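Colleague: give me the fold of what follows.
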Amino acid sequence: MNRGETRVPVLSAEGVTVRLGGRTLLDAVDLEIYAGEVLALVGPNGAGKSTLLGVVAGDTDPDVGRTVLDGTDLRRWRLGDLARRRALLTQANTVAFPFTVREIVAMGRAPWATQPEGDDDEEIIEESLTATDTATLRSRTFPTLSGGEKARVSLSRALAQRAGVLLLDEPTAAVDLRHQEIVLELARTVADAGGAVVVVLHDLELAAAWSDRLVMISNGRIRAEGPPEQVLTSELVEEVYQQPVVVDRHPVTGDLLITPDRRRFRTARTPMEPAVDATPASALVKEFS
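Modeller: Reported below is the predicted structural model:
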């Protein structure tokens, strides 16, 4: 981008508010997503991360505000065009019928059935299976897979859509160490190829390692936004997560390390003696003592 040139977001949420059952899940949230970046959404359980992802995907209608994709209000997009432009991976990896893995991934090609690009279905399906290390599972039925295998197959389906905007809700939640790296390397590859990637993550170290920009959400609002090293400070993490942490750099890789500060717990007890303090666990200590 040339100096003075203004970046134009591919996808944006403008003043988005979502209410449900008397609760405000998102409160006047503004978010801009750009091509060529991996944007990570982090925050405690119930902060509003998945709700925000649903809003920018078009799966959740906001009570106030709007979502804009390529300069057009998302509500004006035709479903087929939207499916070719953005792919969404949700946390729900459930399929009601015993489809094979290959059949599941092939469903990602459905939006292209009437398009010339549909001629490449077979090649794209195989590429998507290989990318997520699920090619050897192609003949297995989806219900027989482990949770991590289901997550990777679902990601394969999203990749098979070949959409320029990739929205991932906790894609590493049930996935082992090696495949966590594979999943997020794929997200990085899509962004490097010019795509826009939004990923919801609970693991702050993974978010720091793989994202260009990090958005921390708390109580339905954006608390902080910026490069990971600017957002993931010990003070801010403790404020939002209500958990003291130590933030440091790995001596070999240079990656950010976010470690819970357990010194208070350790100094509050002697060997074979339960800790009694003001933490939520203290009630259990009293109950079982």
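Colleague: off-centre distance for the helix ranked longest in the chain?
Modeller: Across the chain, the longest stretch assigned as helix under DSSP state H is helix 177-192. Chain-centre distance of helix 177-192: 12 Å, with CA atoms, centre = their mean, to the nearest Å.
Colleague: which elements pack onto it?
Modeller: With contacts taken as 3 or more CB pairs under 8 Å, 6 or more residues apart in numbering; DSSP states H and E, helix 177-192 sits against strand 38-42, helix 147-160, strand 165-169, strand 196-200, helix 204-210. Yep, even glycine has a C-beta here, placed from its N, CA and C like the rest.
Colleague: what comes up buried for it?
Modeller: Neighbour-count burial for helix 177-192, with 16 or more other CB atoms under 10 Å as criterion, is recorded at His179, Gln180, Ile182, Val183, Leu184, Leu186, Ala187, Arg188, Val190, Ala191.
Colleague: show residues contacting the one helix or strand Glu235 maps to.
Modeller: Using DSSP states H and E, the element containing Glu235 is helix 234-241. Here helix 234-241 makes contact (CB atoms under 8 Å, 6 or more residues apart in numbering) with 43-44, 47, 204, 216, 218, 223-224, 243-247, 258.
Colleague: filter those to the buried ones?
Modeller: Neighbour counting by 16+ other CB under 10 Å classes Gly43, Pro44, Ala47, Leu204, Met216, Ser218, Arg223, Ala224, Val245, Val247, Ile258 among the contacts of helix 234-241 as buried.
Colleague: farthest pair in the residues you listed?
Modeller: Longest distance between any two of the buried ones among the contacts of helix 234-241 is 19.4 Å, between Ala47 and Val247; criterion CB to CB.
Colleague: pretty sure Leu25 sits in a strand.
Modeller: Yes. Counting by DSSP: H, G, I helix; E, B strand; the rest coil, Leu25 is found in a strand.
Colleague: got the contact list for it?
Modeller: Val18, Arg19, Gly48, Thr51, Gly220.
Colleague: ok, now with 10 Å
Modeller: Applying CB atoms under 10 Å, 6 or more residues apart in numbering to Leu25 gives the contacts 16-19, 46-48, 50-52, 54-55, 60, 62-63, 219-220.
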